[in-house]
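K.L.:
everything below, folded, please.
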Amino acid sequence: MLTATVSGSFHRHMDAISSAVKELAMRSVRVLSPADPRVVAAQGEFLFVASDRVRSVRLVQDRHLDCIRAADFLWLVCPDGYVGQSASMEIGYAAGAGVPIYASYAPIDMTLREYVTIVRSLDEAISISSSQPSRYSRRGILIDPHMTLEEAHERLARIEGLLTTQRRADHSATVYRELEELRATLTVPTFMQ
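P.N.:
Model prediction:
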């Protein structure tokens, strides 16, 4: 399944961001962040959305950056060309991580324009991204913590069963394989792995 992350000014373009998230979902593109862009709280100028499970600016922003890095592409919402400071940082992060950045409208800032591919529509961005190999196939704990933790618990239960049963067969290869899969399951897609 194709994945995307959406960036833009929550203060100026939240309606357009919400529309983009809905349109991506309708086209079977999994939006890693913001999954549910309804504003539910604020801390100063920072807006928290319904899919933000914590109320820490740094943790929410770090999760969004991880989602950008894990996405097949970043969709930038800037219908009037305005890109705020946070979205500017996110464009830089995506560019540094090699994540394609698409938008229907060019940013006003000349430097940012150099990193954004302008497309006629969201469908064109999806088409271009679909023709590229998927960048990541594994979930990260920050992207889907409940599913990841359930899978980790299941693997730990299998390992426990292998280690505590009184069997004659050597299960070391299976235990080590389960441990490797557990580590991969809990690996967060960041540069500091």
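K.L.:
what segments of this structure are helices?
P.N.:
For the chain, the helices defined by DSSP state H occupy 10-26, 57-70, 85-97, 110-113, 122-130, 145-164, 172-186.
K.L.:
what's the burial count for T117?
P.N.:
For T117, the neighbour count with other CB atoms under 10 Å is 15. Using the backbone N, CA and C atoms, a C-beta is placed for each residue, glycine as well.
K.L.:
state the pLDDT value of the residue lying closest to it once chain neighbours are set aside.
P.N.:
Nearest in space to T117, with sequence neighbours left out and distances taken as CB to CB, 6 or more residues apart in numbering, is Y102 at 5.2 Å. Y102 is assigned 98 on the pLDDT scale.
K.L.:
then A97?
P.N.:
Confidence score, pLDDT, at A97: 94.
K.L.:
buried residues, stretch 107-127. List them.
P.N.:
Using 16 or more other CB atoms under 10 Å as the test for burial, stretch 107-127 gives 107, 109, 112, 115-116, 119, 122, 125-126.
K.L.:
just to revisit the earlier point, quick one: contacts for the residue nearest to T117?
P.N.:
Neighbouring residues of Y102 by CB atoms under 8 Å, 6 or more residues apart in numbering: 73-76, 116-119, 124-125, 128-129.
K.L.:
could I get these as TSV with pLDDT?
P.N.:
What follows is the contacts of Y102, written out as TSV (pLDDT from 0 to 100):
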residue	pLDDT
F73	97
L74	98
W75	98
L76	98
V116	98
T117	98
I118	98
V119	98
E124	97
A125	97
I128	96
S129	94
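K.L.:
and of these, the nearest to C67?
P.N.:
L74 (9.3 Å; CB to CB).
K.L.:
am I right that that closest one is in contact with S7?
P.N.:
Yes: contact criterion CB atoms under 8 Å: L74 and S7 qualify, at 5.9 Å.
K.L.:
so what sits against both of these two?
P.N.:
With contacts taken as CB under 8 Å, 6+ apart, the residues that reach both L74 and S7 are 68, 90-91, 94.
K.L.:
right, I'll leave it there.
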